[in-house]
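Participant: Provided below are the primary sequence and the corresponding predicted coordinates.
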Amino acid sequence: MHESYTGLLIKLKKQQIWGQSVFNQTPCTLSMRKCQFILALIFFLSSSESYSQKNNIWYFGKKAGLSFSSPGGQPIPLPLSNSAMDADEGCASVCDDNGDLLFYSNGLIVYNKNHAVMLNGDGLMSNNSALQGCIIVPVPGNHDLFYIFTTDALENGFANGYRYSIVDMSRDNGNGEVITKNIMLNPSCTERMTAIRHADGVSVWLITNDKSSDIFRSWLITCTGLQTNPVVSTVGVKLDADAIMNIGMLKGSSDGKQVCQTSFLLSDDVNNPTPNFCQLFDFDNQTGILSNPRSIGFPDAVITTCEFSPNSKLLYLARAYDKAIDQVEATLPTTVAIIASRVTMPTQTSFYGIQLAPDGKIYLAQPSFFLGAINNPDIKGAGCDFQKEQVNLDFHAAYVGLPAYINDLSFNPLNSYTYSITDSCTGTVQFLGNATMPGTIKWQWDFGDGNVSTVQDPVHIFVPADKQYIVRLTVSSDLACDSVKSSKIITPKGIMNNVDFDFFPNCDSGYIRFTNKNPLQGSAVQYSWDFGDGNVSASLNPVHTYASKGKFPVTLKLSTGTSCLDRSVTKIVSMQALAVTISDDQSIFLGQKIQLFVNGPGTVYEWSPATGLSNTTVAKPYASPVKDITYKAKVIKDGCSGEDSVHITIVDLTDIYVPTGFTPNNDGRNDNIKPFFGTKFELREFSIFNRWGTRIFTSSKRGEGWNGKINGVEQDPGVYIWVLKFIDDKGKPLERKGSLVLLR
C-alpha cells in the first residue's frame with residue numbers, strides 16, 4: 001500500500017469511510033430605523049468580507065489551492081492550479097500584507113512564491129500523516145522572519161517531537177531561505193497544535209500538547225522571537241487510554257478566549273460509555289493559561305475535528321466516522337447546557353479538515369475534488385447553511401487537511417474594525433475601530449477610494465456607492481513593537497445580487513415548485529413572482545402549474561419601499577422533455593476500452609451503473625466492463641430530463657490475442673498495445689522489447705498496456721517484439737511471443 005494512505009488507515013482502523021471517490025437609487029424615504037433595519041438585513045445575508053490578507057492564499061491536499069482575493073470581480077474563493085505540494089493532512093501558507101503569496105509548506109518541504117523548493121527548504125521533520133503537522137507564525141515586528149512549527153505523527157511514534165525552523169524572506173532575492181531548521185522545541189508531542197494571538201494584539205501563543213497527557217504548553221512568540229520557557233497548564237482529562245488519542249486537533253476561538261481539543265478515540269478502543277468526546281477550555285491570552293475544562297460528548301458520536309464560528313459563540317464538531325457535523329453553543333455557562341444546545345447536520349460524507357476562512361465561512365475537506373462549506377457559521381441551527389459540495393477545486397483534490405492559521409487571521413474581533421451601512425443610497429458607512437493594544441493607539445484608515453482618516457470611528461461617503469472597495473485599517477501603539485493590519489471588501493450600496501431562487505419542475509405534469517433562496521423579513525419587504533404565462537404570486541415559496549409546454553421567463557422581485565434597495569432576477573424555466581441520443585449497442589473484447597456518448601441539450605449527465613465507467617457525470621465517458629452490461633444515461637437541464645440506454649456485450653476470448661499494431665496519437669483509439677485474453681487465463685507478465693532486445697515495457701496487470709513512450713519520450717515507428725507469460729485454468733504455465741508494429 002502507498003505509504004501516504006497507510007497512516008490514515010491506521011487512524012481509521014475498522015471504520016469504513018472510503019466509499020466516496022477522490023476524483024464530483026434614490027435617498028431613503030422610509031423612517032431611519034426601518035431603512036437601517038432593511039439595510040442591515042441585506043448586508044448581513046450577503047456581505048463579502050476579507051478580514052485579513054496573510055491567509056488569502058491556501059494550498060493543501062493534492063496540489064489544490066484557493067485564492068480569497070477578488071481579482072476582476074471573480075468569485076471568492078477562486079480555485080488555483082499552480083501548487084507544487086502534496087499534503088495528506090497538515091499544511092500551512094502565508095501571504096504578505098497585500099495578500100500576495102510568500103511561501104507554503106506541508107511540514108516536510110517549504111515552497112516559495114514561485115512554487116519551487118525554497119533554499120534549504122527540504123528535510124523538515126514533520127510527517128505527512130500529522131493532522132496539524134505544521135503552522136506558520138510571523139515574527140512580530142519583523143516582516144522578513146517567520147517560524148514554521150512542526151509536529152510528528154502516530155505512524156512514526158512521535159519520535160521527532162515538536163520542532164521549529166526559521167524562514168528569512170530577505171534571502172534569495174525575496175524568494176526566502178530556511179536559515180534555521182528542525183530545532184527541538186519539546187520532545188513529547190501529539191498531532192495537535194494551534195496558535196492564538198496574545199492580548200497585546202501583536203505577540204502569538206503557540207499551544208502544544210504533550211503525548212498521552214493532560215499537559216499543555218503555551219510558547220510565546222514576541223518581537224524578540226520565541227520564548228523557550230513555556231507556560232504549562234495541567235488541566236482536563238488525561239488522554240492516555242490509547243495511542244490513537246494523540247491524534248486530533250487543537251483550535252482557538254477568534255476572540256482568543258477558548259480552546260477546543262479533539263482526539264480520534266474510537267468506541268472499540270476503550271471500554272468507555274461515551275465513545276468519544278472533545279474538551280473545551282478557557283484560555284487566558286494574557287497569561288497563556290488553559291483552565292475550566294469541559295468534556296463535550298454524545299453517546300452516538302465520534303468527534304474528530306473542530307472549528308469555532310467567527311463570533312466565537314458556536315463550535316462545530318466534525319464527525320468523520322459518523323458522516324455528520326454537530327453545532328453547539330460554546331459560550332453557555334455549563335457543560336450540560338452546551339451539550340443540550342447540540343444541532344446535528346448529516347453530511348453524507350466524511351469531513352476531517354475544517355478551517356475558518358477570510359470570507360467568514362468555514363470550509364471542510366475530504367478526499368474529493370470539492371470542499372464543503374458552512375456559509376453562515378455565526379447562525380444557530382440550519383440557518384448556518386451547510387453545503388456538502390460548494391467549492392470545485394478544478395480537478396485538484398483535497399485530502400483530509402486544510403491550512404492552519406493563527407486564530408484571528410480570518411476574523412479579528414479585538415484589534416480590527418466593524419462597520420454598518422447607514423445609508424446605502426448615498427454610500428454612507430459608519431466604521432468602528434477596536435483595539436486591545438496597550439498604550440496610546442493610532443488609527444490609520446485607507447478607504448480604497450483615495451481618502452484616508454486618522455480618527456477611531458470615522459464616517460465615510462463612498463462615490464460611487466455601487467462599487468466594491470477594500471478598506472484597510474492599521475492600528476499601532478507607542479508601546480507595541482508592531483502594528484495590526486486588517487482589511488475588508490465592502491459594497492457601500494449594499495449587496496447587488498441578493499435576490500435568487502431555485503425551481504424544481506415536473507415536465508410531465510407542468511407542476512413546479514419555486515424556492516426563494518435569500519428571503520428577508522420585515523414589514524416593508526415584499527416579494528412578487530411573475531411566472532411568464534400571465535400568472536403571478538406574492539407567496540414566499542410558491543408552486544405553479546403550467547397549462548402548456550414551453551419556455552417561460554420567471555421573474556422574482558424584491559420591493560423594500562426604497563427604490564435603491566429593490567432587486568429582481570429573471571430565469572428561464574423550460575417545461576419540455578429533452579430529446580437525447582446515445583451510442584449504438586456494441587460488442588468488445590474483454591479488457592478493451594471504448595468511448596460512449598450521449599447527445600442532448602443538458603447541463604447535467606448521469607450514467608448508471610458506475611461499474612467500468614471512467615466518469616459518471618460527463619457526456620462522453622470511457623467504458624471498460626468485464627461482463628455484459630447495459631448503461632443508462634440521463635440528461636438533465638432546468639429540471640427536465642431525457643433518458644436512453646446502450647448495451648455492451650463482452651467477448652470472453654478462449655485464447656490469447658495481441659493486436660498486430662497500434663497508433664499512439666491520442667485520438668482515443670488504439671492508443672496503447674495490450675493483450676486480450678479470457679477469464680481462464682491469469683497474466684504473469686506482458687513485456688515489449690525493441691529491435692536490440694532491450695525490454696522497454698513490462699506489466700503484470702490485466703488491461704494495462706504500452707503507450708509507445710519510454711520515460712515520456714515517444715518511440716520511433718517500427719517493429720517491436722512482445723512476450724506474454726500466463727497460467728491457464730489448470731495451473732499450467734504458458735508463454736507466447738510475437739511482433740507488433742508501432743504506427744504514427
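Facilitator: Received the coordinates, thanks.
Participant: Can you report phi and psi for Trp706?
Facilitator: In terms of degrees, to the nearest 10, the main-chain angles of Trp706 are phi -90, psi 140.
Participant: neighbours of it, just the number please.
Facilitator: By other CB atoms under 10 Å, 23 other residues sit near Trp706. No exception for glycine: its C-beta is placed from N, CA and C like everyone else's.
Participant: Can you give the contact residues for the helix or strand in which Gly61 is found?
Facilitator: Assignment of secondary structure by DSSP states H and E places Gly61 within strand 57-62. Residues outside strand 57-62 that contact it (CB atoms under 8 Å, 6 or more residues apart in numbering): 65-69, 77, 80, 83, 85-87, 91, 93, 95, 99-101, 104, 111, 353, 357, 365, 393, 396-399, 401-403.
Participant: Now the buried members of the residues you listed.
Facilitator: Restricting these to buried positions leaves 65-69, 77, 80, 83, 85-87, 91, 93, 95, 99, 101, 104, 111, 353, 357, 365, 393, 396-399, 401-403, with burial counted as 16 or more other CB atoms under 10 Å.
Participant: Would you map the helices across the stretch 601-744 of the chain?
Facilitator: Counting by DSSP state H, counting those that start in this stretch, the stretch 601-744 of the chain has no helices to list.
Participant: residues in contact with the closest residue to Ile582 other than its chain neighbours?
Facilitator: Distances taken as CB to CB, 6 or more residues apart in numbering put Asp644 closest to Ile582, at 4.0 Å, once the chain neighbours are dropped. By CB under 8 Å, 6+ apart, the contact list for Asp644 reads 580-582, 598, 632-633.
Participant: Ok, Gln456 next?
Facilitator: Residues in contact with Gln456 (CB under 8 Å, 6+ apart) are 432-433, 441, 443.
Participant: Neighbour-wise, give me the winner out of the residues you listed.
Facilitator: Counting neighbours by other CB under 10 Å, Gly433 leads the contacts of Gln456 with 20 neighbours.
Participant: and it, what are its bridge partners?
Facilitator: Counting by DSSP bridges, Gly433 is bridged to Tyr417.
Participant: Isn't it up against Asp457?
Facilitator: Yes. Contact criterion CB atoms under 8 Å: Gly433 and Asp457 qualify, at 6.1 Å.
Participant: Helix, strand, or coil at the residue nearest in space to the middle of the chain?
Facilitator: Compute the mean C-alpha point of the chain, and by CA atoms, centre = their mean the closest residue is Leu371, 3.6 Å away. With DSSP: H, G, I helix; E, B strand; the rest coil as the basis, Leu371 sits in strand.
Participant: all helices of this structure, in order?
Facilitator: Using DSSP state H, the helices found in the chain span residues 3-12, 32-46, 335-340.
Participant: Nearest to Thr515, out of the contacts of Gln456: which one, please.
Facilitator: Proximity of these to Thr515 (CB to CB) peaks at Leu432, which lies at 36.0 Å.
Participant: Find me the pLDDT at the closest one, would you?
Facilitator: For Leu432, the pLDDT comes out at 94.
Participant: One more: Cys28?
Facilitator: With respect to pLDDT, Cys28 has a value of 34.
Participant: next one: Gln227
Facilitator: 96.
Participant: How about it: what's its closest non-neighbour residue?
Facilitator: Leu220 (4.4 Å).
Participant: returning to that earlier point: what's the closest of the contacts of Gln456 to Leu742?
Facilitator: The nearest one, if we look at the contacts of Gln456 relative to Leu742 and count by CB to CB, is Gly433, at 71.4 Å.
Participant: For Gln387, see how far away that closest one is.
Facilitator: Taking CB to CB, to the nearest Å as the measure, Gly433 falls 34 Å from Gln387.
Participant: same deal with Ser608?
Facilitator: From Ser608 to Gln387 the distance is 24 Å (CB to CB).
Participant: same question, Lys634
Facilitator: In terms of CB to CB, Lys634 sits 23 Å off from Gln387.
Participant: With Val302 instead?
Facilitator: Computed as CB to CB, the Val302 to Gln387 distance reads 23 Å.
Participant: out of the two, which sits in the busier spot?
Facilitator: Neighbours were counted for Val302 and for Gln387 using other CB under 10 Å; Val302 has more, 21 against 15.
Participant: quick one: pLDDT of that one?
Facilitator: 89.
Participant: That one contacts Asp322, doesn't it?
Facilitator: Yes. Counting by CB under 8 Å, Val302 does reach Asp322; the two are 5.8 Å apart.
Participant: any weak-confidence spans in the stretch 351-500 of the chain?
Facilitator: For the stretch 351-500 of the chain, applying pLDDT under 70 flags the ranges 494-498.
Participant: do the same with the chain
Facilitator: The model of the chain has pLDDT under 70 over residues 1-52, 70-74, 266-275, 494-498, 508, 520-524, 562, 638-639, 652-653, 668-669.
Participant: what domains does the record give for it?
Facilitator: Domain assignment for the chain by automatic domain parsing gives 54-392, 426-490, 501-575, 581-651, 661-742.
Participant: Can you tell me the strand partners of the lengthiest strand in the chain and which way each runs?
Facilitator: Ranked by residue count under DSSP state E, the longest strand found in the chain is strand 640-651. According to DSSP bridges, strand 640-651 has the following sheet partners: strand 586-589 (parallel), strand 629-637 (antiparallel).
Participant: Any idea how far the first one is from the middle of the chain?
Facilitator: Relative to the chain's own centre, strand 586-589 is displaced by 41 Å; criterion: CA atoms, centre = their mean, to the nearest Å.
Participant: contact partners of it?
Facilitator: 594, 646, 648-651, 653, 657, 676.
Participant: ditto for the last one
Facilitator: If you take CB under 8 Å, 6+ apart as the criterion, strand 629-637 is touched by 574, 578, 580, 582, 596, 598, 600-609, 611-613, 623, 641-648, 650.
Participant: Next, the buried residues of that strand.
Facilitator: 629, 631, 633-636.
Participant: One more: stretch 136-143?
Facilitator: 136-142.
Participant: Tell me the one of those nearest Gln286?
Facilitator: Distances from Gln286 to the buried residues of stretch 136-143, taken by CB to CB, are shortest for Pro140, at 15.7 Å.
Participant: measure that closest one to Leu102 for me?
Facilitator: Look at Pro140 and Leu102: by CB to CB, they are 16 Å apart.
Participant: still on that earlier bit, so which of the contacts of strand 57-62 belong to strands?
Facilitator: 65-67, 80, 86-87, 93, 95, 101, 104, 111, 353, 365.
Participant: Pick out the most distant pair among those residues.
Facilitator: Pairwise across the ones in strands among the contacts of strand 57-62, and taking CB to CB, the largest span is found between Asp86 and Cys95, at 21.0 Å.
Participant: strands paired with the strand holding Gly61, and their directions?
Facilitator: The strands beside strand 57-62 in its sheet (DSSP bridges) come out as strand 64-67 (antiparallel), strand 86-87 (antiparallel).
Participant: Figure out how far that strand is from the centre of its chain.
Facilitator: Put simply, strand 57-62 sits 8 Å off its chain's centre (CA atoms, centre = their mean).
Participant: cool, and stretch 707-721?
Facilitator: Centroid separation for stretch 707-721 versus its chain: 40 Å, with CA atoms, centre = their mean.
Participant: again with stretch 103-120
Facilitator: 21 Å.
Participant: Pull out the buried residues from that stretch.
Facilitator: 103-113, 115, 118-120.
Participant: same deal with stretch 443-455?
Facilitator: Result for stretch 443-455 [16+ other CB under 10 Å]: buried residues 443, 445-449, 453.
Participant: And for stretch 149-157?
Facilitator: Using 16+ other CB under 10 Å as the test for burial, stretch 149-157 gives 149-155.
Participant: Between the two ends of that stretch, how far is it?
Facilitator: Stretch 149-157 has an end-to-end distance of 18 Å (CA to CA, to the nearest Å).
Participant: just to revisit the earlier point, quick one: the buried residues of stretch 443-455 as JSON lines, columns for distance to Phe552 too.
Facilitator: Shown next, in JSON lines, are these (distance: CB to CB, whole Å):
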{"residue": "Trp443", "distance to Phe552": "54"}
{"residue": "Trp445", "distance to Phe552": "49"}
{"residue": "Asp446", "distance to Phe552": "48"}
{"residue": "Phe447", "distance to Phe552": "44"}
{"residue": "Gly448", "distance to Phe552": "42"}
{"residue": "Asp449", "distance to Phe552": "42"}
{"residue": "Ser453", "distance to Phe552": "51"}
